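J.: just to be clear, the model below is a prediction. Sequence and coordinates:
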Amino acid sequence: MDFLKMTAPCGLDCFNCHFFLAHEDENEMKKVEALAERFNFEADKMLCKGCRSHDGKIPLQMHIYGEKHFCAAYECIKKKGLDFCYECDDFPCDNLHPYADQAENLPHNYKVFNLCLINKMGLEKWANEKSKDVRNDYYNKPWSLSER
């Protein structure tokens, strides 16, 4: 797996996302189909190959928000010639600002944590050893200030 290609500049782990995994995993496709039915979309418009493969223009986002929609973090990194936001002198910036709106559905609130881990552990080690746990914890573990 090309983890650089399949990790968004903002730190999202595209290779763990059901919109990517559904290309080859029947169980993940069932999840996508259920979401498509819930939101009255076509399942094939929800499939993704990672933002780098789509030059920052994710098919589902383009379908929802229109052809002029773009990802500010992706465009910024592309302009600066960097691979990840953590490499930038302005990191962290408002392009990575977490928002509560749709936090239960969208993974954007854990991207800065992922970027810090990528910087600390290296891309391959993070991708192989930590990324799936971070995603799982984000969506499934209750929030707590105590140790796990």
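T.: Everything's here; your move.

J.: which helix of the chain spans the most residues?
T.: Counting residues, the longest helix found in the chain (DSSP state H) is helix 26-39.

J.: elements contacting that helix?
T.: Helix 26-39 is packed against helix 18-21, with contacts defined by 3 or more Cβ pairs under 8 Å, 6 or more residues apart in numbering; DSSP states H and E. To be clear about C-beta, it is placed using only N, CA and C from the backbone, and glycine gets the same treatment.

J.: buried set for the lowest-mean-pLDDT helix or strand in the chain?
T.: Least confident helix or strand, the chain: helix 59-65 with a mean of 83, by mean pLDDT, DSSP states H and E. Buried residues in helix 59-65, counted by 16 or more other Cβ atoms under 10 Å: 60-61.

J.: I'd say residue 113 and residue 131 touch.
T.: No: the criterion here is Cβ atoms under 8 Å, and residue 113 misses it with residue 131 at 10.6 Å.

J.: more crowded one of these two?
T.: Neighbours per residue (other Cβ atoms under 10 Å) separate residue 113 from residue 131, with residue 131 holding more: 23 against 15.

J.: and the residue nearest to the more buried one when sequence neighbours are not counted, bridged to which residues?
T.: In space, residue 131 comes closest to residue 13 once its chain neighbours are excluded; the distance is 4.3 Å by Cβ to Cβ, 6 or more residues apart in numbering. Going by DSSP bridges, residue 13 is paired in beta bridges with residue 7.

J.: residue 13: what's it in contact with?
T.: 6-7, 114, 127, 131-132, 134-135 (Cβ atoms under 8 Å, 6 or more residues apart in numbering).

J.: gap between it and residue 132?
T.: Residue 13 sits 8 Å away from residue 132 when distances are taken as Cβ to Cβ, to the nearest Å.
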